[in-house]
Every structure is written in structure tokens, then in C-alpha cells.
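[1] Dropping the sequence and predicted coords here.
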Amino acid sequence: MTTHEWRERDEDGELTFHRANYHAARWTFASRPKAEPEWTNYEDQPPLELLESFREVLWNKVQRRRAPEKLIDQIDAMIEELREKM
């Protein structure tokens, strides 16, 4: 299993932690505000904004050779699929 974690600030300045797990050729995503102890799991499909921010984080890891480039292709496909549904 590969885990990627990052954090972002929203419009109100609140810190939010995000987590992406890759296991058995399947992605799972979770988020939680800093103030809350419980993670919110995205069962079906994470929001498009979350995928786009994760792609940026993952791309930076690929550039530093800390993640394989094939993962970027998978995330790009997920983003494209979500955009087509909209």
C-alpha cells in the first residue's frame, strides 16, 4: 500500500488534511479538518477539486522520483472521467 498525505487551507483559512491510499490497483481518498478527529472517506468518487490538488502533489513526487509516473496516468483518467460526468 502506498499512502500520500498533504494539507491545504480553504477560503476561511481552515487547515484540512487529505490522504490518498493506493492498494490493489485501487485508490481511496479521505479528508478531515484539523479540528476534527474523524476522517471522511470518499467511497465512490472524491470531489474533482480534491483529485486536481492530489494530481499536483503527486506530480511533484514524480518529479523528485518518489512516485512512479504510471500513477499520474491513473489520476488523469479519473479526473477526465469526472469532467465527462459534469
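    Received, thanks.

[2] how close does Ala67 sit to Glu36?
    Distance, Ala67 to Glu36, by Cβ to Cβ, to the nearest Å: 28 Å. Where you see a C-beta, it was placed from the backbone N, CA and C, and this is true even at glycine.

[3] Just list the residues touching the residue nearest to the spatial centre of the chain, thanks.
    Against the mean C-alpha coordinate of the chain, by Cα atoms, centre = their mean, the closest residue is Phe54 at 3.8 Å. Counting by Cβ atoms under 8 Å, 6 or more residues apart in numbering, Phe54 makes contact with 4, 6, 18, 20, 29, 46, 75.

[4] follow-up on the earlier one: which one of Ala67 and Glu36 has more residues nearby?
    Ranked by neighbour count (other Cβ atoms under 10 Å), Ala67 and Glu36 place Ala67 first, with 18 against 11.

[5] and the nearest residue to the more buried one once chain neighbours are set aside, how many neighbours does it have?
    Closest residue to Ala67 apart from its sequence neighbours, by Cβ to Cβ, 6 or more residues apart in numbering: Lys61 at 3.9 Å. Counted by other Cβ under 10 Å, the residues lying close to Lys61 total 15.

[6] all helices of this structure, in order?
    Using DSSP state H, the helices of the chain run over 48-63, 70-85.
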